[in-house]
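1. give me the fold of what follows.
(chains A and B)
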Amino acid sequence: MTTPTPDQSAAKDTPPAEATASAPGTSAPPAPAADRSYATVIRNVFTAENSAMVTFLAIVLSLLVGAVLIVVSNTATMDKAAYFFASPGDFLSSAWDNISSAYSALFKGAIFDPATVSGTPSQFFGPITNTLEYATPLIFGGLGISVAFRAGMFNIGGQGQTIIGAIFTSYVAFEWTSLPGALHLIVAVLAGLVGGMLFGGVVGWLKAKRGAHEVIVTIMLNYVASMFLVGWVLKSSLFQDPSHAGQSISKPAEADAVLPHLFGSGLNTDIGLLLALAATFVVAWFFKRSKLGFEVRAVGLTPSAARTAGIKVGRVQIASMLISGALMGMIGVTQTLGLANPNNNAIAGSIDAGLGFTAITVALLGRTRPWGVVLAALLFGALQAGGSAMQTNAQVSIEIITVVQALIVIFVAAPRLVKEIFRLRATKIETTAGPQATPPSPDPFHTTTVGGQA
Amino acid sequence: MTTASTLTGSDKTDAPLVKNDRSKLVGGIAQAVVGVYALWQFGLAARTGHGAHTLFNLKLDPTSSGPGPISAPAEPVAIALAVIAIACGLVRAFAPISAKVQRWLAVGYFTSFVLAFLVWAAAGSSIGLNVPSIIQQTSIAAVPLILGSLSALLCERSGVVNIAVEGQFLFGAFAAVLTSSMTHSVWAGLVAGCLGGALMCALLAVFANRYLIEQVVLGVVLNLLASGITGFLYDRLMSTDGATYNTPPSFSAIAIPGLSKIPVIGEALFDQNILFYAAYLLVPVVWFLLFRTRWGLRTRAVGEHPAAADTVGIKVVGLRYRNVITAGLLSGLGGVWLTLGLSTAFVKDMSNGQGYIAIAALIVGRWSPIGSLGAAVLFGFATELNLALSSLGTPIPSAFLQMAPYLVTIFVVAALGGLARPPAASGKPYIKG
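-> Below you'll find the model as predicted:
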């Protein structure tokens, strides 16, 4: 996918365009005796192993299921379904109206609104910058989940790590006002990072030293963090904003600790996006080039072999949870200090906005590869931004976006199901003569050892 | 993803049994130290001093006739209980005792510690502690946890990790409310709720067994799916036309003749609705089915060693499908309880993490029905204690009391470490061949 926002605009791409875009990813380095004709490349696009094709079809399928839900839950339309056989046109046109109004509002809210072509730049670029703003925390979160995943751990604790990060960053942002301008911002960002890092590190430590499973520990820590925030932090005199007496909301961050606008004040994107892209570069480098990154991947693939090779598995687990938690803490930073914060850069009980869980779907859709995560985050960011517009303009609840996101991940994880629905061929025609030169892809969806012991 | 496939302590090398003696010593000493803290904080504190008394009410309604409240002198009782706790810790640390005795010591330690805390918390209060109310609220709060952990138990014992209990609760609750509101029948709601849970479990079974998706990942995504679907339909149907879609009838309480007249516990435990009794009866039923019947033996075989089970002619995948879908009936029933059982309407994400707590109860209860019951009651107690104490004005912020069950779970999972062992094949799809 070469398009920066693989969403509905991609959905309208013709198959050949899809083919040329995805061909380099699916075929291995050129081999002399291989059949590399254009026809073969195109045919391979329609096989189940082509993950770009499966991803695309998964998105289409999920939007279809969403459309069905939109129609079925519309009581006025369903009344017309009662006399479907007497006058099918009534029902069909009504259903089409429901779906098209919802999805066109989604598109207009996420990419651009044709009506604004003659408008001001901030109107024209408004939707796409909203998408970028929504994608920013998802990039951090997706990367965070991926780092833990590659080490063989499933970090469901994004919510808790986000909350603790937000508490740390918020405290620095409103309390340490003596720090000068940019330094205040940097320290506030680092505080959130450290907060998430510590909260994630606890999980790694318990896993490595006590054998406590990270799934249970992170779930429990999510509740601990959210009760700590709602039940104590937002009620304490240290955090609670006296100008909102009785409300569970913190003091707002000082102006120079707020993340500045990236594209000028009219557009809704802050420099958190740059930080997220920088984090992607770092994580990509980490996996590819660093010693620890190599150890993380080794531990994730086979812990016993890694241990035999002299890698200290426990230490790697702790390190990967520290990194994962730090990235999750960055969600807290962008949620608190970013433009997406509706509360004047203060924190309230809903500061995590369920992003810790959405991040899991982002990481899975991106197949735990850093740049894949960015693409997935852009898609889900577009869905979030469009979903808000859909809720306001087409009166379709934004909850449908959660359904679509979960379905996309399920369909992507079950390529066989997509294949069965669309009757794709099972295997692709080999375009190379020799064995694939690409390393085995880390598959977050399936157990590597079937029936065997870890 | 090898390690994400089982829920606890799959890395056996990290907690070898050799460490057992040391953990006994360290754990026992830690218990004793906490006991000393309890002695200082609860027994010798200002709250219990000056001859303060702690009232224990023995009637649900203090104005009705029956046994009057017991008044205990706070200071000596709290000190005695703290000393018992310290003794339990020291015995565990230094006496050569078997694992079984250790378990009873842990129970004794925990009970005396909590009682010391209660005596301290309620000291000097004119209302005192309402014992039947605590029992009643605890047993009510434990019901969804019991149903959820039994559901997860059935799945894990047959080799499928069911972390989607939360989603099954939500879907069951939604289906029950929608159906019973439209038909005005609790029984139709009950059936719909159970089937709703079973539907979610069927999704789990198909994607885990046929499409081989990693099951913990799948469970989390299914929870999101259920939250999204029920939230979306709630917005579209129930919040716009609540009178038609969100006014569920509820089950009425049935007082059991004789038993409901027992003082203290009678009113609390034997004047509840049918779902309440069903949840508690299901525990021995599931235990019996799992450990005393042919089906149970096969289920456990499939969960421990599917290849061996297949060799002797058990249809592994078929049995897994059946068991997982049956388990969905149980977690769906949990959803029915949350709405029709507690006579509340549906709200978004109303299960509020109880599905996850149910799984924690399963692990703390070490994958046995009776253990899960114990853990569920414990969690229920911790939740309700918070409510009971809020009227007493203790100096502890309620947020920290609310955290207690979650912290206890982390502590137990960390303390059990490699000792808690899930069914060996749990989370691993079986591919014949």
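2. show me the contacts for residue B:206.
-> The contact partners of residue B:206, taken as Cβ atoms under 8 Å, 6 or more residues apart in numbering or on different chains, number zero. The C-beta positions use only the backbone N, C-alpha and C, and glycine is treated the same way.
3. and for the residue of the stretch 251-400 of chain B found nearest chain A, the neighbour number?
-> The stretch 251-400 of chain B approaches chain A most closely through residue B:399 (2.5 Å), counting by Cβ to the nearest Cβ. When neighbours are counted by other Cβ atoms under 10 Å in any protein chain shown, residue B:399 registers 19.
4. just the pLDDT for the residue nearest to it when sequence neighbours are not counted.
-> Leaving aside its chain neighbours, residue B:399 sits nearest to residue A:231 (2.5 Å; criterion: Cβ to Cβ, 6 or more residues apart in numbering or on different chains). The predicted local distance difference test score for residue A:231 is 84.
5. up against chain A, what does the stretch 51-200 of chain B have?
-> Taking Cβ under 8 Å from any Cβ of the partner chain as the criterion, the neighbours of chain A within the stretch 51-200 of chain B are residue B:163.
6. would you map the strands across the stretch 51-200 of chain B?
-> With DSSP state E, counting those that start in this stretch applied, the stretch 51-200 of chain B shows strands at B:53-57, B:70-73, B:129-130, listed in chain order.
7. got the CA coordinates for the second one in CSV?
-> C-alpha atoms of strand B:70-73 as CSV (Å, rounded to 0.1, in the frame of the first residue of the first chain):
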residue,chain,number,x,y,z
ILE,B,70,-23.1,-8.4,69.9
SER,B,71,-20.8,-5.8,71.4
ALA,B,72,-17.2,-6.7,71.6
PRO,B,73,-14.5,-4.7,73.3
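8. quick check: mean pLDDT across that strand?
-> 81.
9. neighbouring strands of that strand in the sheet, and parallel or not?
-> strand B:53-57 (antiparallel) (DSSP bridges).
10. just confirm residue A:401 contacts residue A:385, I think it does.
-> No - counting by Cβ atoms under 8 Å, no contact exists between residue A:401 and residue A:385, whose distance comes to 9.8 Å.
11. closest to the centroid, which residue in chain B?
-> Chain B has residue B:376 as the residue nearest its centroid, 2.4 Å off, counting by Cα atoms, centre = their mean.
12. isn't it right next to residue B:358, touching?
-> Yes - between residue B:376 and residue B:358 there is a contact at 7.2 Å, judged by Cβ under 8 Å.
13. need the residues touching each of the two.
-> In the contact map built from Cβ under 8 Å, 6+ apart, the residues linked to both residue B:376 and residue B:358 are B:145-146, B:149.
14. buried ones among those?
-> Listed as buried from the shared contacts of residue B:376 and residue B:358 are B:145-146, B:149; burial here means 16 or more other Cβ atoms under 10 Å in any protein chain shown.
15. how about the residue nearest to the centre of chain B, nearest residue that isn't a chain neighbour?
-> In space, residue B:376 comes closest to residue B:145 once its chain neighbours are excluded; the distance is 3.7 Å by Cβ to Cβ, 6+ apart.
16. please apply the same query to residue A:113.
-> Across the structure, with Cβ to Cβ, 6+ apart as the measure, the residue nearest residue A:113 apart from its sequence neighbours is residue A:127 (6.3 Å).
17. show me what contacts that neighbour?
-> In this structure, residue A:127 makes contact with A:108-113, A:385-386, A:389, judged by Cβ under 8 Å, 6+ apart.
18. how about TSV for the residues you listed, with secondary structure added?
-> Written out in TSV, the entries for the contacts of residue A:127 read as follows (DSSP: H, G, I helix; E, B strand; the rest coil):
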residue	secondary structure
A:108	helix
A:109	helix
A:110	helix
A:111	coil
A:112	coil
A:113	coil
A:385	helix
A:386	helix
A:389	helix
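19. for residue 256, give me its contacts.
-> No chain in the question, so chain A it is. A:180-182, A:184-185.
20. look at chain B instead
-> Residues in contact with residue B:256 (Cβ under 8 Å, 6+ apart) are B:270-271.
21. which SSE is immediately downstream of the helix or strand in which residue A:61 is found?
-> Using DSSP states H and E, residue A:61 falls within helix A:51-72. Remark: after helix A:51-72, the chain's next helix or strand is helix A:75-82, criterion DSSP H and E.
22. residues touching that following helix, excluding its own?
-> Contacts with helix A:75-82, where a contact means Cβ under 8 Å, 6+ apart, come from A:71-72, A:87, A:90-91, A:94-95, A:98, B:237, B:241.
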